[in-house]
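Sequence and predicted structure below; questions after.
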Amino acid sequence: MRPTPTTRTSPRATAVCNAAAAAALLTAFAAGAQQAQEEPFWAKGRPKTDTAMKMAPVPAFPIPTEAAKLPVAKMKLPPGFKVEVWASGILDARGMRQGDKGTVFVSSLFVAGKIYAITDKGGSREVKTIAEKLMLPNGIEFHKGSLYVATPKAITRYDNVEASLDKLPDPVTVYDKLPGDIPHGWKFIKIGPDGKLYFPVGAPCNICEPDDRYSKIFRMNLDGSGVEVVAHGMRNTVGFDFHPKTGNLWFTDNQRDWLSEDLPEDELNHVSQPGKQHFGFPYCHSGDFADPELGWGKSCKDYTKPAVKLGAHSAPLGMRFYTGKMFPARYQGAIFIARHGPWNRTQKYAADVVVAFPDGKGGVSRVEPFLTGLVENNQYLGRPADVLVLKDGSLLVSDDHNGAIYRVSYGK
Amino acid sequence: MRHHAAATLLIAAAAAAVSAAATTDYAQRYAAVCAACHGEAGRSAQPATPHLGGQPSFYVITQLFLFREGRRNDHPASAAMSAVAKGMSDADLRGFSDFVATLPPPGPPATPRDDVRFERGRQLAAKHHCTGCHGADLAGGHQVPRVASQREDYLLIALQGFRSGQRLGYTNAMGEALAGLGPQDIADLAHHLAHARPGGR
């Protein structure tokens, strides 16, 4: 069959335009009365300078980087550690969890909207897409054979998942009363030592005073009952974990944009009194200064300070306490944190993994670089999004920019 | 409807061509696969079919990716474009996108400009911060498409799709940006962008 191209104007399109032109005349006067349009949520508060106006969230490339071109040779680690490509071709790889039988589940966000399962085939890894066309499915957790998946709207559960990787069972709804906003609505979820499911509802904005449903970390029973607040005044956490000894929740929190290149600093927070602490948003940032608008009449002494500050706009995401047996003893109980690197800062930095060492008194004694080298010529070569301690004690690092997972090991 | 049927036939032929052709000469493959609808030099004469000339490579690859994933369902030709894209490898996505980025920006539209609607669209474009991402010259860059001098009928479909949520986009920027716009606003905005020729080009 040989189709013939047509070059005529579509009568349908013409009709639309004529109708539109006529209607335009009728409504021309109304135009001036229209309300000023709101900017996209991430652009609110952006200065009107040329430099700032050019900055917008940087989406990942829609094709994963091939294994041979991944930037492992550029990565720097402390002496004795080495890094290798563990798996590649995982578009938009974000959150990671390991199942009882060793399967590593990987979530994704805007670009892919998929959940992957990676199985180790003795030296090589097989990557399967097990769910797709999901709405920002960043939050995943594995617990007693089930995979929990959180979108901005709902938390669902796939039972007996490791035996069903070729065809998942229909998901069971755990909780579907989330607000569902897209801004900061994507989740990080984890089941705590108390057997409850912890989930955040971030601020639906860059900076605003949201209503009671937002800016909190909640926990609930695994059947969706008994929802209660764990932490107030949280803006956008995309990573938390429980202290291996005290069981207390620690969480990273991304602070507001556009205040300054160097302010505020993102946070690592420690919840020592669940439900009773307010971590400052939107009134007090980084624990040390009041917001230039919403902070008037507020004092930072009324809010819980971060355990440590993690750098301006550095975007700390996934974090894990190290409890493995492979790394040197000094890393026992230390917190590995994936920093995604800023988008709303002229000079790019971070895009690394850092280690925070708890001081044993509820705070942090110091933060050290761990995996670095992914910023070159003010561009990202990779962007860490989550970390996972494997059963053998090695550390996986996901990179959504390249669609890859790296494995960091020590010795041997 | 006749045009949609014709377009579907063309695209079916393109889908066959994309899987048949294995060459890495993407100029040749563009001529075989894309040119019948999108124009030999990326200037489309086909109703509702976008000009591709002057589009940034990153934007083109995001759209081919969304078609391949079956995630662009806003356009009469979406299913057909998905059929074309499903035959493309990752290397093809890169190859086609890089080639398309070499095509010249489209010249001014053949249809006349309505000064009242153009001006109204200009005000809406300012109010909705179009230039914040698409650039002062509306030429786009990276993942953001060129909208200046795009076909008005295509712009209308695109804007309506973003406004209704039918087109989800590669990022969610457009859904946010168009909040509060009515059908007439969308039409005037499309008219303005189609006739926008910043810098007198």
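Cool, got the structure.

Mind checking which residue lies nearest the centre of chain A?
In chain A, the residue lying closest to the centroid (CA atoms, centre = their mean) is residue A:238, at 3.9 Å.

So that one belongs to a helix, correct?
No. Counting by DSSP: H, G, I helix; E, B strand; the rest coil, residue A:238 falls outside a helix, being coil.

What does it show for phi and psi?
Dihedral angles of residue A:238 (phi, psi; degrees, to the nearest 10) stand at phi -130, psi 30.

Surely it touches residue A:138?
Yes. Counting by CB atoms under 8 Å, residue A:238 does reach residue A:138; the two are 7.1 Å apart. In this view, the C-beta of every residue, glycine as well, is placed from N, C-alpha and C.

quick one: the strands in the stretch 151-300 of chain A?
A:155-158, A:172-175, A:190-191, A:197-201, A:216-220, A:228-232, A:240-242, A:249-253, A:265-271, A:284-285, A:289-290 (DSSP state E, counting those that start in this stretch).

List the contacts of the residue most central in space within chain B.
Note on chain B: the residue nearest the mean C-alpha position is residue B:50, at 4.3 Å, using CA atoms, centre = their mean. Contacts for residue B:50 (CB atoms under 8 Å, 6 or more residues apart in numbering or on different chains) come out as B:38, B:44, B:150-151, B:154, B:158.

The same query, at a cut-off of 7 Å, please.
With contact set as CB atoms under 7 Å, 6 or more residues apart in numbering or on different chains, residue B:50 has these partners: B:44, B:150-151, B:154.

Same check on residue A:107?
The contact partners of residue A:107, by CB under 7 Å, 6+ apart, come to A:94-95, A:115, A:137-140.

These into a markdown table, with extra columns for neighbour count, distance to chain B and pLDDT?
Output for the contacts of residue A:107, formatted as a markdown table (neighbours: other CB atoms under 10 Å in any protein chain shown; distance: CB to the nearest CB, whole Å; pLDDT from 0 to 100):
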| residue | neighbour count | distance to chain B | pLDDT |
| --- | --- | --- | --- |
| A:94 | 30 | 15 | 97 |
| A:95 | 31 | 19 | 98 |
| A:115 | 23 | 15 | 98 |
| A:137 | 25 | 14 | 96 |
| A:138 | 27 | 14 | 97 |
| A:139 | 23 | 17 | 98 |
| A:140 | 24 | 20 | 98 |
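
just curious, which of those residues is nearest to residue A:128?
The nearest member of the contacts of residue A:107 to residue A:128, counting by CB to CB, is residue A:115 at 9.6 Å.

just checking, residue A:186 touches residue A:110?
No. Applying CB atoms under 7 Å as the test, residue A:186 and residue A:110 come out as separate, 8.5 Å apart.

Show me the common contact partners of the two, please.
With CB under 7 Å, 6+ apart as the test, residue A:186 and residue A:110 both reach residue A:136.

number of nearby residues for the nearest residue to the residue nearest to the centre of chain A once chain neighbours are set aside?
Distances taken as CB to CB, 6 or more residues apart in numbering or on different chains place residue A:317 nearest to residue A:238, at 4.4 Å, with adjacent residues excluded. Counted with other CB atoms under 10 Å in any protein chain shown, the neighbours of residue A:317 add up to 27.
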